[in-house]
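A.B. asks: Provided below for reference: sequence and predicted model.
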Amino acid sequence: MSEQTLIPLADLLIDEENPRLTQPNVGQREALRSLATYQGRKLQKIAEDILINGLDPSELFIVMRFDEEENRYVVIDGNRRLTALKSLENPDLLSDAVKTSVLTAIRRLSKKYQVAPIETVSCVIVKDRDEARHWIELRHTGEREGAGSVLWGSDENARFLARSDGLEIHTQALNFLEQRGDITHEFRRKIPTTNYKRLLEAPDVRAKIGIELQQGKLKLVGEENAVAKALLHIAKDLATGNIKVGDIYYKGQRTKYANNIPEDIVVKPIHKPGQGVDPSTVTKKTTQKSKATTKTPKQRDRLIPRDCVLNITDQRIRDIERELRRLSLEDFTNAVAVLLRVFLELSMDIIITKKDLQVSEDASLAYKMTSVTNDLLSHKKLTKQQAQPVRRACQRDSLLCPSITMMHQYIHNPYMFPGPADLRAYWDNLQPFIIAIWAP
């Protein structure tokens, strides 16, 4: 029975029996170099796409356990992507295996990649090659009378473009600002639209400025004036040349830009995901608050909701829980962020020991949480829907804000400031997971 999980990139091995290799079982280094030679310039293109867009979440690596080492895995399907990732980590592995132009390009891309390297990969673990055979055949052996991948023809391509050819996100955002009166038509022409689009399409940026995309439509999940202020801030960054294309071209750079948005610009969500407001209904920026405006419910000032019941058996963790229930998010934001990180780490260690899960003490928090999640799923103490936010939080390029990576940044990065809204969102998304661990 296959299982989905996150696996550290360092634990993934090239399949030395990959059909693209003319000689099997040549060792990891030579297998990687042979695949690089086979791909040539295509390797550069894969690396560029991964750097800009990340790994395709719909195409999971198919892996099986390595015979001799339980915590290492052979990639049965996904070796081209794995070769690209390992090449970005260490381009010198490709010396004399690819053309000089390709090696030079990979070295240039590697410098960008090191800003935000991919540490874990979403994988499907199968028992052996036979279990994966059918799915690999569907991916790589043609249409198979319709059971495999069927490419679109020209008509299908044309219909797809026509049906998805609505206003792009940056155009919707600029229309919103101009309609409100925040920008003039003359100022709008000064904004590099390609760069504006590039930033607004980045999930990390959208999460910071209170917008979301629903079927291609821009929606406001934050208060209207706050979102407009954030959109205008980005527009001014671009129009004045403060931010140039070289600063935001790659995915890691856009994540860095999102993380550096000033705290007074970051928008707190007032609508749940998927329930954002259509900005096209806006007519003109108002100078006074409407008397008919519905008052926004006050957000709780404690991390853990009062109705969240936990039955923590460990004395140290129970003491931390009590402190988290007492500390104000507004007054002690940094203390709550650090204490929450400690709460999660200690909880994972206790549960891993209690259940005798085969997880190293030196494993990352993301790996520990993934292992505990898998155990809860196997014992039906957590549903797949409840597990999804945990898996997303554990991914380095998570759409969930904040992620485990951001929690690390709160501790180690002096320029990363936690916000009460971020911490509330973090707890709310993980609460079913935490309840399943410490259920009464």
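C.D. replies: It's in. Numbering: from 1, shown residues only.
A.B. asks: next up, the contacts around S347.
C.D. replies: By C-beta atoms under 8 Å, 6 or more residues apart in numbering, S347 lies in contact with 317, 434, 437-438. In this view, the C-beta of every residue, glycine as well, is placed from N, C-alpha and C.
A.B. asks: distance of it from I434?
C.D. replies: 7 Å (C-beta to C-beta, to the nearest Å).
A.B. asks: tell me the confidence at K284?
C.D. replies: At K284, the predicted lDDT confidence score is 51.
A.B. asks: now do E224
C.D. replies: 93.
A.B. asks: was I right about it contacting H271?
C.D. replies: No. Between E224 and H271 there is no contact under C-beta atoms under 8 Å: 11.0 Å.
A.B. asks: neighbour count for the two, which is higher?
C.D. replies: E224 (18 against 15; other C-beta atoms under 10 Å).
A.B. asks: run a quick neighbour tally on K190.
C.D. replies: 14.
A.B. asks: and it, that one's in a helix?
C.D. replies: No. If the criterion is DSSP: H, G, I helix; E, B strand; the rest coil, then K190 is coil and not within a helix.
A.B. asks: so what's it closest to, chain neighbours aside?
C.D. replies: Using C-beta to C-beta, 6 or more residues apart in numbering and skipping the chain neighbours, the partner closest in space to K190 is A239 (4.3 Å).
A.B. asks: now D204
C.D. replies: Counting by C-beta to C-beta, 6+ apart, the residue nearest D204 is A258, at 3.8 Å.
A.B. asks: so how far is V227 from I265?
C.D. replies: 10 Å.
A.B. asks: anything in contact with each of those two?
C.D. replies: With C-beta under 8 Å, 6+ apart as the test, I265 and V227 both reach I209.
A.B. asks: which one of these two is surrounded by more residues?
C.D. replies: A count of neighbours by other C-beta under 10 Å puts V227 above the other of I265 and V227, at 24 against 15.
A.B. asks: surely that one is in contact with V267?
C.D. replies: Yes. At 5.6 Å, V227 and V267 qualify as touching, with contact defined as C-beta under 8 Å.
A.B. asks: what touches both of E224 and H271?
C.D. replies: Common neighbours of E224 and H271 (C-beta under 8 Å, 6+ apart) are V277.
A.B. asks: what residues does the residue nearest to D204 make contact with?
C.D. replies: Taking C-beta under 8 Å, 6+ apart as the test, what A258 contacts is 202, 204-205, 207-208.
A.B. asks: tell me the SS of it?
C.D. replies: helix.
A.B. asks: not counting the helix or strand encompassing N175 itself, show me its contacts.
C.D. replies: Using DSSP states H and E, N175 maps to helix 169-180. For helix 169-180, the external contacting residues (C-beta under 8 Å, 6+ apart) are 167, 183-185, 188, 191, 193, 196-197, 200-201, 211, 213, 216-218, 228, 231-232, 235, 279-280, 282-285.
A.B. asks: let's verify I125: helix, strand, or coil?
C.D. replies: strand.
A.B. asks: run a quick neighbour tally on it.
C.D. replies: 19.
A.B. asks: that one against F66, yeah?
C.D. replies: No. In this structure, I125 is not within contact of F66 by C-beta under 8 Å, at 11.5 Å.
A.B. asks: ok, the contacts of S347 vs L32, which is closest?
C.D. replies: I437 (39.3 Å; C-beta to C-beta).
A.B. asks: any idea how far E16 is from the closest one?
C.D. replies: The value you get for I437 to E16, if C-beta to C-beta is used, is 39 Å.
A.B. asks: what's the answer for V390, then?
C.D. replies: With C-beta to C-beta as the criterion, V390 and E16 are 33 Å apart.
A.B. asks: neighbour count winner among the two?
C.D. replies: Between V390 and E16, V390 has the larger neighbour count (other C-beta under 10 Å), namely 24 against 18.
A.B. asks: my read is that one is in a strand, agree?
C.D. replies: No. V390 is assigned helix when assessed by three-state DSSP, not a strand.
A.B. asks: and it, what pLDDT?
C.D. replies: For V390, pLDDT reads 87.
A.B. asks: before we move on, what about P203?
C.D. replies: Reported pLDDT for P203: 93.
A.B. asks: repeat for the one 10 residues further on
C.D. replies: L213 is assigned 88 on the pLDDT scale.
A.B. asks: just give the nearest non-adjacent residue to it, would you?
C.D. replies: I169 (6.4 Å).
A.B. asks: ok, that neighbour to N260 distance?
C.D. replies: From I169 to N260 the distance is 21 Å (C-beta to C-beta).
A.B. asks: now T141
C.D. replies: Counting by C-beta to C-beta, the gap from T141 to N260 is 47 Å.
A.B. asks: need the longest helix for the protein.
C.D. replies: Of all the segments of type helix in the chain, defined by DSSP state H, the longest one is helix 333-354.
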